[in-house]
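Q: Coordinates for the following, if possible.
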Amino acid sequence: MPLYQKLYSAEAEDFRSENAEVPAAVDLIGSHTQGRGIWVIDRATARSCWNPCWRVAERFVIRSTGKGPVIDRRNLYGTVAEVAGRCRLQHKARIVKIQDSREKVYELRYGAVPVQLPGRSEQL
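A: A predicted model of the protein is given here:
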């Protein structure tokens, strides 16, 4: 459920920058939610959100292109895609999609691995 929205324009007199707008929104909502919930952040605004999110919200999701650098649990550097390629697929799920009155079953395998961003100590 969205908790905040604000229209702003780079042409407005009182506009400073997106890098100022986004953290202000995170601070405002964070003061009311007190660390509850999961933040979902668009990749385009992610860089301006990282520090405020770590300060205000412990849990957040940012979609990755797979190109960003991370450090895996063995302290190996690589892109998100490279680390994901080394990840063991320990979990299974079955998805049933019904389309045109027909069932199509998808068997999925997936994994998860803790990572860190270079220069940060938090485990993601």
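Q: Could you list the domains of this structure?
A: 1-63, 65-118 (automatic domain parsing).
Q: Out of those, which gets the lowest mean score?
A: Here the lowest mean pLDDT among the domains of the chain goes to domain 1-63, at a mean of 74.
Q: Wasn't G78 part of a strand?
A: Yes - the assignment for G78 (DSSP: H, G, I helix; E, B strand; the rest coil) places it in a strand.
Q: mind listing the strands in this protein by residue range?
A: 39-41, 60-62, 69-72, 77-79, 91-99, 102-110, 115-116 (DSSP state E).
Q: Dump these to JSON lines, plus mean neighbour count and distance to A24.
A: Backbone N, C-alpha and C define where each C-beta goes, glycine included. JSON lines is the format used below for these (neighbours: other C-beta atoms under 10 Å; distance: least, C-beta to C-beta, whole Å):
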{"stretch": "strand 39-41", "mean neighbour count": "16", "distance to A24": "14"}
{"stretch": "strand 60-62", "mean neighbour count": "15", "distance to A24": "16"}
{"stretch": "strand 69-72", "mean neighbour count": "18", "distance to A24": "28"}
{"stretch": "strand 77-79", "mean neighbour count": "14", "distance to A24": "31"}
{"stretch": "strand 91-99", "mean neighbour count": "9", "distance to A24": "38"}
{"stretch": "strand 102-110", "mean neighbour count": "9", "distance to A24": "36"}
{"stretch": "strand 115-116", "mean neighbour count": "17", "distance to A24": "27"}
